[in-house]
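> Just need the structure, nothing else, for what follows:
(one chain, ligands or ions: 1)
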Amino acid sequence: MDVNSRATAFLLAATISLVTTAFLSLIEGTSSVALLVAGAISFSCTFLLCYLTLEFLIFKEIKDIHEVLNELKNDESFEDEIAQDSRAQINPLKRINQKIKSFASNKQAEIEALKRTNRFRREFLADVSHELKTPIFAAQGFIYTLLEGAVDDKRIRMKFLKKAAKSLDGLDRLVKDLLTVSQMEIGAITMQKEIFDIRALAFEVLDQLERKASKQGTNIVIDEENKNPVFVIADKMRINQVITNLLENAIKYGREIEGFVQISFRNKEDFIEVSVRDNGAGIPQEHLNRVFERFFMVDKSRNKNTSKKGSGLGLSIVKHIIEAHGSEIQVESKLGIGTVFTFYLEKALKEKVKKESVEEI
Ligand code: ADP
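As a prediction, this is how the structure comes out:
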């Protein structure tokens, strides 16, 4: 039953007229007609008074508040909550109370989300400007030194020009990575899936990184156990980027003497498990779940001061690519022992591989 002005007025009027009639009946000589008339008059007067007061002073205002709240929010789950609460169904004030509470908690959640986004944007801007500043300042420094006279010395000229070019190459890489991350985050990049041999792709990447690896003295091995092709359904270009980033990291953060990196493929039921394992310094446990965040670097100062220069975007791109394939990437690491990154890709069925190996899915 819903509490409304008419029902409340009726109850009050009935009670008051009953009490009045009961008192009158105590007076000796009061006829039953007089009692009936008194009861009827007190009932109608009380009913009218109560009805008008409740309707225009209280219930109308409550109805208006309800309407305003309903306009502000249209939350079906909340209506369900009220429907289940019998006290809230009967009492309109309780209903308003619940609506205001739910409205306030929703607004609080929205404010928290906005605050988080704002903090995230601020941090992102600070990180981007910091990362951009480093190569720009370096290139600027070399060029101004040349302009201030060093250009006349042929040896210094070449050295500084090479250094400036290297800084600008770094800047170019950083901007490209930033674009990739932001496009991936807004979902602007779709995966162009095809069937390809990921083992052969790993060899292609290895060819490109051969120089870097031998410079660092790292030995890279691709699954020796099974030399058969490993067919997967994925975006070949993007998976190339994933393997490149993982291998570059394995070389960069790998052991400086007797560095060893192994890429292996495991045949699972519907997918292929790909892992890149190194015997480097490893990642501390407390940072393991943060390495995929953009701009995260385990040791910023170490990365900046040595050849291990990075932007902290590589693994974030890797994660986005793997997730865009509907899959996931995991990392395990032990300090002083090494790190292994593992991801999964859809396996290409034999019939499909035979029919067409470069068909777009
Ligand atoms: P970066 O450009 O700094 O290499 P990444 O996103 O690729 O950025 O990696 C984030 C951080 O994770 C790196 O700065 C490094 O500290 C750590 N890291 C990544 N791969 C490895 C690895 N194989 N061994 C040890 N540390 C690693």
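
> which residues are in contact with stretch 169-188?
Around stretch 169-188, the neighbours that count as contacts under CB atoms under 8 Å, 6 or more residues apart in numbering are 128, 131-132, 135-136, 139, 189, 294, 309, 311, 313-314, 316-317, 320-321, 324. Backbone N, C-alpha and C define where each C-beta goes, glycine included.

> near the ligand, from the residues you listed?
When contact is defined as CB under 6 Å from any ligand atom, the contacts of stretch 169-188 meet the ligand at S311, L313, G314, S316.

> so V340 sits in a strand?
Yes - using DSSP: H, G, I helix; E, B strand; the rest coil, the assignment for V340 is a strand.

> Looks like it contacts V331 (just checking).
Yes - with contact defined as CB atoms under 8 Å, V340 counts as touching V331 (7.3 Å).

> After the lowest-mean-pLDDT helix or strand in the chain, heading C-terminal, what element do we hit next?
Least confident element among the helices and strands of the chain, by mean pLDDT, DSSP states H and E: helix 300-305 (a mean of 52). Following helix 300-305 in sequence order, the next helix or strand is helix 314-324 (DSSP states H and E).

> which helices and strands does that next one pack with?
Helices and strands touching helix 314-324, by 3 or more CB pairs under 8 Å, 6 or more residues apart in numbering; DSSP states H and E, are helix 154-185, helix 236-252, strand 329-334, strand 338-347.

> I'd assumed R266 was in contact with R199.
No - contact criterion CB under 8 Å: R199 and R266 do not qualify, at 11.9 Å.

> From what I see, S25 and A34 are in contact.
No - applying CB under 8 Å, one finds S25 not in contact with A34, separated by 9.7 Å.

> do you know how far the residue of the stretch 201-350 of the chain found nearest the ligand is from V298?
Residue nearest to the ligand within the stretch 201-350 of the chain: G310 (2.3 Å; CB to the nearest ligand atom). Relative to V298, G310 is positioned 10 Å away (CB to CB, to the nearest Å).

> between these two, which one's more packed in?
Set G310 next to V298 and count neighbours by other CB atoms under 10 Å: G310 wins out with 21 against 18.

> now stretch 165-177: mean pLDDT?
For stretch 165-177, the mean pLDDT works out to 92.

> all strands of the protein, in order?
In the chain, the strands defined using DSSP state E lie at 194-197, 218-222, 231-234, 259-267, 271-278, 329-334, 338-347.

> is the fifth one anywhere near the ligand?
Translated: strand 271-278. Yes - against the ligand, strand 271-278 shows contacts by CB under 6 Å from any ligand atom at D278.

> centre of the chain versus that strand, how much separation?
Offset of strand 271-278 from its chain centre (CA atoms, centre = their mean, to the nearest Å): 25 Å.

> which other residues reach that strand?
198, 230, 232, 243, 246-247, 250, 253-255, 259-266, 327, 338-347.

> Which ChimeraX command selects the buried ones in these?
Of the contacts of strand 271-278, the buried ones go into a single ChimeraX selection, burial set by 16 or more other CB atoms under 10 Å:
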select :198,230,232,243,246,247,250,253,254,255,259,260,261,262,263,264,265,338,339,340,341,342,343,344,345,346,347
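
> for the ligand, what are the nearby residues on the stretch 101-250 of the chain?
So far as CB under 6 Å from any ligand atom goes, the stretch 101-250 of the chain lies against the ligand at N245, N249, A250.

> ok, now with 5 Å
Contact residues, the stretch 101-250 of the chain versus the ligand (CB under 5 Å from any ligand atom): N249, A250.

> what's the answer for the stretch 251-361 of the chain, then?
Y253, G280, I283, V291, M297, V298, G310, S311, G312, G314, L315, T339.

> any chance of those residues in CSV, with distance to L11 and pLDDT too?
As requested, these are exported to CSV (distance: CB to CB, whole Å; pLDDT from 0 to 100):
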residue, distance to L11, pLDDT
Y253, 79, 93
G280, 81, 94
I283, 72, 95
V291, 69, 95
M297, 73, 88
V298, 73, 85
G310, 77, 76
S311, 74, 81
G312, 71, 89
G314, 74, 94
L315, 70, 96
T339, 76, 97
